[in-house]
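Visitor: no FASTA, just this:
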């Protein structure tokens, strides 16, 4: 995930994700999720904690973001541009049908390979509105992608990835595009990034090389008649 990206949903236009200018515009300012609708004054979604990782559906019908429950400065000072280290976080969603009232939908620890992880990052929602995807920092170079049903809370480990997005619309709606990192000592590149398409029927390779994930995923999804909705980093 690239935290240097901005958090305004308007940037989805630049990435070709198809955000409609007439819909609500969401952004994070001073750790608070805000939005403007119908040209009015910005409204704040204050959940009592600083927020990050804003995601907005292509039709702006639902958004998801992370609230920072615990953080620390490590080392005990910050360099210019640095943010505190997140130690625990929760995920909120807000729906247009519910007047964008933020609701906490996930706040738990995951156990992976005998270790416990409470840092939840980069959420997004499937088009059905009930399946939540998120990543947990698993290693220095990879994340662990998880999927959870919002209503039941049941979760599934989808394996190690370096990035992902959920397809909305088109022939592959609800599928996920996954980027994976491979160390290939015998190849000149040394490290390659491949992309897979994960559907309910299984996972299949769609590109052996996709180092620029955002460009690749946006273009591939558009080619199948959909859009690929990517979470945005930082902003808190």
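Guide: Thanks, I have the structure now. This structure is a prediction, so every number in the text was calculated from the model and none was measured.
Visitor: residues in contact with the longest helix seen in the chain?
Guide: Among all segments of the chain classified by DSSP state H, the helix with the greatest residue count is helix 213-223. Helix 213-223 has contacts (C-beta atoms under 8 Å, 6 or more residues apart in numbering) with 2, 15-17, 162-163, 165, 167, 170, 172, 177, 179, 193, 195, 206-207, 210, 227-228, 230. Glycine gets a C-beta too; all of them are placed from N, C-alpha and C.
Visitor: And these, which of them are buried?
Guide: 15-17, 162-163, 165, 167, 172, 177, 179, 193, 195, 206-207, 210, 227-228, 230 (16 or more other C-beta atoms under 10 Å).
Visitor: average pLDDT for the longest helix of the chain?
Guide: Average pLDDT, helix 213-223: 94.
Visitor: any idea how far residue 209 is from the residue of the chain most remote from its centre?
Guide: The C-alpha centroid of the chain is most remote from residue 186, which lies 32.8 Å away (C-alpha atoms, centre = their mean). Taking C-beta to C-beta, to the nearest Å as the measure, residue 186 falls 15 Å from residue 209.
Visitor: Residue 160 too?
Guide: Note on residue 160: its distance to residue 209, by C-beta to C-beta, is 18 Å.
Visitor: and if you look at residue 68?
Guide: Taken as C-beta to C-beta, the span from residue 68 to residue 209 is 35 Å.
Visitor: which of these two has more neighbours?
Guide: When residue 68 and residue 209 are compared for neighbours, residue 68 comes out ahead with 20 against 11, by other C-beta atoms under 10 Å.
Visitor: if I read this right, residue 58 contacts residue 227, doesn't it?
Guide: Yes - Residue 58 lies in contact with residue 227 (C-beta atoms under 8 Å); the separation is 4.7 Å.
Visitor: which residues in the chain form helices?
Guide: 11-14, 213-223.
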